[in-house]
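1. task: produce atomic coordinates for the following.
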Amino acid sequence: MNKKYRTIIAAAALFLVSLPAYADTPLSIRAGWLVVPNMIFPLMPMKTEVLKHYGKSYVLDLIHFTGTPPQITALAANEIDLSPLSFSAFGLAVTNAHLDDLRILADGLQDGAPGWQTNAFLVAKDGPIKTVEDLKGQVVASNAFGGAVDIGLRVMLKKHGLEDKRDLTIIEIQVPNMKSALMEKKVALIAPLPPFTRDPELVSISRILFTQRDALGLAETIVLTARAPFVAKNRAAFTDFLEDQVGFLRWLTDPANHEAAVKLAADFNKQSPKGLDWVFTHEDSFRDPKGLPDLKAMQANLDGMREIGLLKDKVDVEKYADLSLVKEAVARLK
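-> As a prediction, the model looks like this:
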């Protein structure tokens with residue numbers, strides 16, 4: 001090999017070494033998710049042109065779960081990296097699974113914010129259930145034991161003197177199957193999530209018995225979490241992800257992009273955009289535009305769980321929050 005070619009090869013090697021580490025190997029973030037549009041980050045791989053960092057410093061490996069509590073086991077086994085947890089699942093992860101290194105990184109969505117959507121607990125419109133007390137002796141459905149919706153259900157039952165196994169039976173049913181369970185009278189009450197609550201057939205045969213807001217007031221329904229060692233090792237990529245997510249939220253909620261945002265959610269769910277016009281508006285869940293969770297509400301939610309015996313130990317939410325990444329991410333967007 002002559003001197004000229006050796007020089008070219010050496011220069012090329014030096015150039016490759018000097019490239020950022022993520023140029024060829026973006027971090028693959030294994031991200032749990034439940035339902036879209038409740039969670040917006042599963043839509044991000046479908047709209048990378050509005051993101052700054054996707055495919056450069058990180059990519060998402062989406063893993064579907066039926067509820068937030070099953071993600072606790074996955075987190076403990078290091079099978080997922082980013083976990084959108086309900087306040088209740090977070091409390092259980094800390095107190096029962098002893099995941100002391102779990103960190104709250106950003107807001108996912110909130111329920112009960114004034115002027116925004118709240119989850120509904122539905123009964124048959126022509127059925128015998130007129131009050132919460134009428135649920136005594138009945139079978140009712142929850143999507144996942146220990147999730148935010150499940151806790152809302154149990155808190156409301158407790159307020160009316162009813163408890164699972166003593167006065168009625170709570171069973172788990174996946175959200176897409178709840179409508180048929182109610183129609184077939186297998187259960188007396190269901191708690192589906194958007195977009196399933198908007199199903200015209202379900203709307204025609206059901207009515208709202210109570211809402212999540214009635215049960216819990218303001219709830220920090222979903223927080224984005226990850227384990228501290230993984231975040232520390234990949235801080236730059238996580239910050240890039242959070243910058244993209246908050247920027248993406250702003251894109252989704254911009255009225256100028258509404259039609260495209262609706263189509264994106266419809267395409268993800270393999271359904272028609274018809275009837276989805278409510279997504280990313282005030283008829284949808286509240287998501288903080290700066291990505292900041294309401295830690296005060298979350299503390300109240302967890303304290304309420306403990307008061308009624310659903311959480312064995314007190315959880316100091318502030319101790320587990322690391323909002324420095326999302327604050328840095330949002331500062332870049334200004």
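2. what's in contact with stretch 48-65?
-> 20, 22-23, 26-34, 41-42, 44-45, 71, 74, 79-80, 82, 236-238, 240-241, 243-244, 247-248, 251 (C-beta atoms under 8 Å, 6 or more residues apart in numbering). In this view, the C-beta of every residue, glycine as well, is placed from N, C-alpha and C.
3. next one: stretch 71-79
-> Under the contact criterion C-beta under 8 Å, 6+ apart, stretch 71-79 has outside partners 30, 32, 63, 65, 80, 83-85, 89, 92-93, 96-97, 99, 102, 225, 227.
4. just the contacts of stretch 48-65: which are in strands?
-> Counting by DSSP state E, the members of the contacts of stretch 48-65 that fall within strands are 27-33.
5. going through those, which ones are buried?
-> 27, 29-33 (16 or more other C-beta atoms under 10 Å).
6. how far away is residue 215 from residue 153?
-> Relative to residue 153, residue 215 is positioned 7 Å away (C-beta to C-beta, to the nearest Å).
7. and if you look at residue 238?
-> According to C-beta to C-beta, residue 238 and residue 153 sit 33 Å apart.
8. quick one: what helix or strand has residue 68 in it?
-> Take DSSP states H and E as the rule and residue 68 turns out to sit in neither a helix nor a strand.
9. hey, where'd the strands end up in the stretch 201-334 of the chain?
-> 206-211, 219-227 (DSSP state E, counting those that start in this stretch).
10. ok, back up a step: ok, of the contacts of stretch 71-79, which come out buried?
-> 30, 32, 63, 65, 80, 83-85, 89, 92-93, 99, 102, 225, 227.
11. which of the residues you listed sits closest to residue 126?
-> Residue 126 lies nearest to residue 65 out of the buried ones among the contacts of stretch 71-79, by C-beta to C-beta, at 34.0 Å.
12. part of a helix, is residue 169?
-> No - secondary structure of residue 169, determined by DSSP: H, G, I helix; E, B strand; the rest coil: strand, with no helix assignment.
13. separation between it and residue 142?
-> Residue 169 is 11 Å from residue 142, by C-beta to C-beta.
14. which of those two has more neighbours?
-> Ranked by neighbour count (other C-beta atoms under 10 Å), residue 169 and residue 142 place residue 142 first, with 25 against 14.
15. now do the SS call for the spatially closest residue to that one that is not a sequence neighbour.
-> For residue 142, ignoring the flanking residues on the chain, the nearest one in space by C-beta to C-beta, 6 or more residues apart in numbering is residue 150 at 4.2 Å. Put simply, residue 150 is helix when judged by three-state DSSP.
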